[in-house]
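S.K.: The following comprises the amino acid sequence and a computationally predicted model.
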Amino acid sequence: MSVASRRDDRLDFEEDPRYEQANREALWAIGYWVAYTVVVTGLAWWLGYEKSADELSFILGFPAWFFWSVLVTSVVFAVIPAWIIRRHFKDVPLTRDGRPVPGPEGRQ
């Protein structure tokens, strides 16, 4: 195969539009994870770093830094994925032609 014919083959490549959607969804998922990690770590550090045992306050038996940074943040961040999925994620067919993939009962 000559170099010229290989260049022509590359020009005929058509990217599947589902990849663009998948990349956007992956970026949303990574952004969510980074935001969650930064908030949990930041709050824990801000509320509890270099505090002596005498300075710690407790909420429901947990140190305040743990209660706010882990428990409350987890509850708040449990709601965010529902909004992200409804707003930014789309159902895309798994096959190129858009036909549904047969379920287990359709296989032989």
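M.R.: Structure's in. What do you need?
S.K.: going forward, measure contacts between C-alpha atoms and count neighbours the same way
M.R.: Noted.
S.K.: show me where the chain has helices.
M.R.: Along the chain, the segments classed as helices by DSSP state H run 3-11, 17-48, 64-66, 73-88.
S.K.: can you tell which of these is closest to P104?
M.R.: Of all those, helix 17-48 sits nearest to P104, with 24.3 Å by C-alpha to C-alpha.
S.K.: So which bits of that closest one are buried?
M.R.: Buried residues in helix 17-48, defined by neighbour count with 16 or more other C-alpha atoms under 10 Å: Q21, E25, W28, Y32, Y36, V40, L43, A44, L47, G48.
S.K.: Turn the residues you listed into TSV, including pLDDT.
M.R.: Listed next are those as TSV, based on pLDDT from 0 to 100:
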residue	pLDDT
Q21	89
E25	92
W28	95
Y32	96
Y36	96
V40	94
L43	92
A44	91
L47	87
G48	85
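S.K.: Output the lowest mean pLDDT helix or strand found in this protein.
M.R.: helix 3-11 (a mean of 60; mean pLDDT, DSSP states H and E).
S.K.: thinking again about what came up before, for the buried residues of helix 17-48, which one is nearest D97?
M.R.: Q21 (16.5 Å).
S.K.: State the distance from the closest one to P81.
M.R.: To P81, Q21 is 17 Å away according to C-alpha to C-alpha, to the nearest Å.
S.K.: Chain neighbours aside, what residue packs nearest to I84?
M.R.: In space, and not counting its chain neighbours, I84 is closest to W28: 7.6 Å by C-alpha to C-alpha, 6 or more residues apart in numbering.
S.K.: On the strand side of things, show who the spatially closest residue to L56 that is not a sequence neighbour bridges to.
M.R.: Excluding its sequence neighbours, the residue lying closest to L56 (C-alpha to C-alpha, 6+ apart) is P63, at 6.5 Å. Under DSSP bridges, the beta-bridge partners of P63 are F58.
S.K.: show me the contacts for the closest residue in space to W68 that isn't next to it in sequence.
M.R.: Closest residue in space to W68, ignoring its immediate chain neighbours: L43 at 7.3 Å, by C-alpha to C-alpha, 6+ apart. L43 is in contact with W65, W68, S69, counting by C-alpha atoms under 8 Å, 6 or more residues apart in numbering.
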